[in-house]
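S.K.: Need a 3D model of the following:
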Amino acid sequence: MEAKEYTEKYKAQSTHYLENAFVSMKASHPEKAGEFLWGSMAEALKAVAASRGIRLTAHWEITDFARELTKELRDKGIYDAYGHASYLHSNFYEAGLRMEDVEIYAEEIRAMVRKLLDLIPTEQNNQGV
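M.R.: Reported below is the predicted structural model:
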């Protein structure tokens, strides 16, 4: 698969997860919603990386890329949103996540996913969130 194909694959998955997060929130499933928010954020970062010819396959690689992108763009919001998504992800396994926890971070993560996907060059960015 080429970089452009990976970019499109990750963008589509990010969008799909984001939509499912809000469906899960409406259905009062905080663990599912939190996990979908994490997935959307991770896939958005993978899409940005793929658009630059970088393939991220491990969790630590996504973390490192989020940190590097934060520094490059001087946008602390990237790493903050990533950290909040990671918090939701880690709490998925504890099954103690409350809807209030998800709601606190959901809009921040949605806005950051949009911002990340907008970083993809126009010829590769033909699918909105």
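S.K.: any idea how far L116 is from M99?
M.R.: Counting by CB to CB, to the nearest Å, the gap between L116 and M99 amounts to 25 Å. All C-beta atoms are positioned from the backbone trio N, CA, C, and that covers glycine.
S.K.: Who has more neighbours out of these two?
M.R.: Remark: of L116 and M99, L116 carries more neighbours, 25 against 16, as counted by other CB atoms under 10 Å.
S.K.: okay but that one is in contact with K46, surely?
M.R.: No: L116 is beyond contact range of K46, at 9.8 Å (criterion: CB atoms under 8 Å).
S.K.: After the top helix by length along the chain, which helix or strand is next?
M.R.: When the chain is parsed with DSSP state H, its longest helix is helix 3-26. Sequence order places helix 30-51 as the next helix or strand after helix 3-26, per DSSP states H and E.
S.K.: Which helix or strand lies directly C-terminal to that following helix?
M.R.: Criterion used, DSSP H and E; the element after helix 30-51 is helix 59-73.
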